[in-house]
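>>> Compute the structure for the input listed below.
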Amino acid sequence: MAKRSQTTQAATGQDNGQPEGENISGYIRRVFKENPKWLGTRSNDEILARWLKDHPGEKEVPERVKKNLSNVKSLLRNKLRKKSGKPKKESQPAEPTPAPRSAARGLETLEEQLDECLTLAKNLDREGLSSVINLLRRARNEVVWKMGE
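Numbers count the residues shown, from 1 in each chain. Down below sits the predicted model:
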């Protein structure tokens with residue numbers, strides 16, 4: 001199925017009451033900038049009502065506008081979440097050294113092998129090898145913890 005190409009008027013927003021050169025996502029971003037509290041709400045009713053008010057020729061909000069609204073709202077919320085956190089130090093090297101990557105791969109392999117040993121021990125004799133199973137479980141958990149550092 002071929003993609004539908006937009007007309008120049010539709011791409012620039014001239015046929016739907018938007019300022020020249022502003023597309024749907026640009027309009028939605030501008031509205032969220034004017035009303036940042038709407039970004040935190042679960043409902044989109046207020047912004048859809050605003051869209052209908054700003055586009056008097058429309059009787060109901062088109063599906064493409066609703067989908068665009070969901071996407072833009074998700075992206076803006078995601079940006080807000082990523083801002084918080086521990087700031088990076090400027091003294092750290094820009095490129096990571098290859099040593100930690102190979103160490104991480106080695107730890108992943110070790111974790112997989114410990115997991116296989118743990119499964120084998122459980123299948124052989126769960127009650128008789130309970131102390132071994134506990135030690136294997138502790139070792140695997142420690143490796144997983146090291147990988148997360």
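>>> only C-alpha atoms for contact and neighbour calcs from this point on.
OK.
>>> residue contacts, Lys73?
Going by CA atoms under 8 Å, 6 or more residues apart in numbering, Lys73 touches Leu39.
>>> And for Lys122?
Contacts of Lys122 by CA under 8 Å, 6+ apart are 129, 133.
>>> domain ranges for the protein?
Dividing the chain into domains by automatic domain parsing, as the record does, gives the ranges 11-82, 98-148.
>>> Now mean pLDDT too, for those domains, in a markdown table please.
What follows is the domains of the chain, written out as a markdown table (pLDDT from 0 to 100):
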| stretch | mean pLDDT |
| --- | --- |
| domain 11-82 | 82 |
| domain 98-148 | 84 |
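>>> longest helix anywhere in the protein?
Longest helix in the chain by number of residues (criterion: DSSP state H): helix 98-125.
>>> elements contacting the helix or strand that comes right after it?
As assigned by DSSP states H and E, the chain's next helix or strand after helix 98-125 is helix 130-148. Applying 3 or more CA pairs under 8 Å, 6 or more residues apart in numbering; DSSP states H and E, we find helix 130-148 packed against helix 98-125.
>>> Against the centre of the chain, work out the most remote residue.
The outermost residue of the chain, judged against the average C-alpha position, is Gly128 (45.7 Å), by CA atoms, centre = their mean.
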